[in-house]
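J.: how would this look folded up:
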Amino acid sequence: MTLLERLQLTYPIIQAPMAGVSTPELAANVSNAGGLGSIGVGATDANGARAMIEDLRARTQRPFNVNLFVHSAPRPDRQREAEWLTILKPLFTEFGAETPKSLRVIYQSFADDDAMLATLVDLAPPVVSFHFGLPSPERIAALKDAGCVLLSTATNLAEAKLAKAAGMDAVVAQGFEAGGHRGMFDPTALDDCLGTLALTRLLVEHAGLPVIAAGGIMDGRAIAAVLDLGAVAAQLGTAFIGCPESSANDAYRQALQGEGALHTVMTKAISGRSARCLPNRFVAWAQQHGDTDCPDYPITYDAGKALNQAAQARGESGFGAQWAGQGAALSRSMAATDLIETLVTEMMALSGQD
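T.: Numbering: from 1, shown residues only. Next comes the predicted model:
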């Protein structure tokens with residue numbers, strides 16, 4: 001049985017999990033339309049994940065994906081964190097807010113979260129995917145025993161080979177064009193910045209796993225292109241932000257339709273790990289002041305979220321995490337079901353199918 005058969009996909013389209021943007025409603029509508037809908041639970045706890053999964057399961061009888069962050073445990077460094085807060089202080093002052101006295105680890109890696117594992121084994125979502133790394137063999141075995149299909153992000157061939165050795169069922173080839181956080185297993189390693197097309201071909205030829213292409217894919221023509229390169233499916237994230245079912249706020253949606261969509265940038269300042277987003281005031285500040293000295297992920301995110309909250313309270317929307325890939329300017333605002341139908345029509349027209 002092929003991966004697509006196991007996932008019961010009518011169409012080779014996977015909606016990226018997009019923690020903080022994807023909702024159970026969005027994921028369910030994608031799955032009901034014949035793709036694979038996804039939710040991200042990396043930024044919540046086991047109780048939050050249970051509520052999201054149960055909500056999603058109540059909306060669809062079809063398979064769906066639950067995504068987890070498997071990052072290395074952050075290394076608290078009080079001096080470094082204090083220095084970062086000192087650098088940010090003028091921004092907090094601008095919005096009439098007190099600078100936090102300290103920073104916290106705002107959510108736990110799945111690598112260390114026993115409660116999350118127990119919840120997933122209990123609920124047994126059809127698909128579970130990992131970002132930033134791979135969990136232990138014991139956690140992988142537990143999820144496989146529960147009947148979950150397992151996927152992992154890879155940004156290079158070495159990571160893909162680790163995914164195969166760990167027992168993944170498929171690998172998501174995350175090109176440098178992709179929006180949101182880079183999925184590198186080791187954020188301190190040299191990033192080869194491989195684009196989606198090159199990475200997809202490399203993994204198709206050498207990874208030994210089914211490959212799902214991700215990064216900059218916004219329409220049916222791009223889906224057809226990566227399928228022609230040997231991918232079994234395409235994963236789209238930015239394409240779904242404009243759907244009314246996503247939780248993106250009005251400022252995010254407006255920014256996605258603006259000039260900045262043509263100029264997405266990578267920054268560590270928001271969360272502590274490199275991520276591609278729309279340019280905004282915080283990104284511009286980071287480009288001026290630098291972000292190489294920020295604390296580890298997700299400790300930096302604690303400061304970023306506090307600053308965004310302070311800014312929003314004063315009507316400033318330019319400090320949020322507006323993740324978006326390099327294809328952002330091709331975004332279309334339509335319901336998820338209509339978007340899937342449009343993507344399929346474009347894909348089929350290119351191949352000459354009805």
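
J.: contacts, neighbours, all on C-alpha from now
T.: Noted.

J.: what ranges do the helices span in this protein?
T.: 3-7, 24-32, 46-59, 78-94, 114-123, 137-145, 157-166, 196-206, 220-228, 250-256, 281-289, 299-313, 336-351 (DSSP state H).

J.: and the longest one, what other elements does it pack with?
T.: Secondary-structure packing of helix 78-94 (3 or more Cα pairs under 8 Å, 6 or more residues apart in numbering; DSSP states H and E): helix 299-313.

J.: work out the gap between the helix it packs on and the centre of the chain.
T.: Put simply, helix 299-313 sits 20 Å off its chain's centre (Cα atoms, centre = their mean, to the nearest Å).

J.: the inter-axis angle of that helix versus helix 78-94?
T.: Angle, helix 299-313 to helix 78-94, by axes from the mean of the first three to the mean of the last three Cα atoms, to 10 degrees: 10 degrees.

J.: I'd like the mean pLDDT over helix 299-313, please.
T.: What helix 299-313 shows for mean pLDDT is 96.

J.: in that helix, what counts as buried?
T.: For helix 299-313, a neighbour-count test (16 or more other Cα atoms under 10 Å) marks 299-311 as buried.

J.: which of those sits closest to His71?
T.: The closest of these to His71 turns out to be Ile299 (Cα to Cα; 12.2 Å).

J.: next one: that closest one from Asn67, what distance?
T.: 20 Å (Cα to Cα, to the nearest Å).

J.: before we move on, back to that, want to throw the buried residues of helix 299-313 into JSON lines with distance to Ala349?
T.: Below are those laid out as JSON lines (distance: Cα to Cα, whole Å):
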{"residue": "Ile299", "distance to Ala349": "47"}
{"residue": "Thr300", "distance to Ala349": "46"}
{"residue": "Tyr301", "distance to Ala349": "43"}
{"residue": "Asp302", "distance to Ala349": "46"}
{"residue": "Ala303", "distance to Ala349": "47"}
{"residue": "Gly304", "distance to Ala349": "44"}
{"residue": "Lys305", "distance to Ala349": "43"}
{"residue": "Ala306", "distance to Ala349": "47"}
{"residue": "Leu307", "distance to Ala349": "46"}
{"residue": "Asn308", "distance to Ala349": "43"}
{"residue": "Gln309", "distance to Ala349": "45"}
{"residue": "Ala310", "distance to Ala349": "48"}
{"residue": "Ala311", "distance to Ala349": "46"}
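
J.: looking at those, spot the one nearest Gly175.
T.: Nearest to Gly175 among the buried residues of helix 299-313, with distances taken as Cα to Cα, is Tyr301, at 23.4 Å.

J.: before we move on, the earlier item: relative to Asp291, which of the buried residues of helix 299-313 is nearest.
T.: For these, the nearest to Asp291 is Thr300 (10.2 Å; Cα to Cα).

J.: so who does that closest one touch?
T.: 81, 103, 269-272, 294 (Cα atoms under 8 Å, 6 or more residues apart in numbering).

J.: go with 7 Å
T.: Thr300 makes contact with 270-272, 294, according to Cα atoms under 7 Å, 6 or more residues apart in numbering.

J.: just checking, which helix or strand of the protein averages the lowest pLDDT?
T.: helix 3-7 (a mean of 89; mean pLDDT, DSSP states H and E).

J.: next one: that one to chain centre, how far?
T.: For helix 3-7 - counting by Cα atoms, centre = their mean - the centre lies 21 Å from the chain centre.

J.: can you list the buried residues in it?
T.: 3-4, 7.

J.: could I get the helices of the chain as CSV with distance to Arg182?
T.: Converted to CSV, these look like this (distance: least, Cα to Cα, whole Å):
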stretch, distance to Arg182
helix 3-7, 24
helix 24-32, 22
helix 46-59, 22
helix 78-94, 22
helix 114-123, 23
helix 137-145, 22
helix 157-166, 13
helix 196-206, 13
helix 220-228, 20
helix 250-256, 20
helix 281-289, 16
helix 299-313, 15
helix 336-351, 25
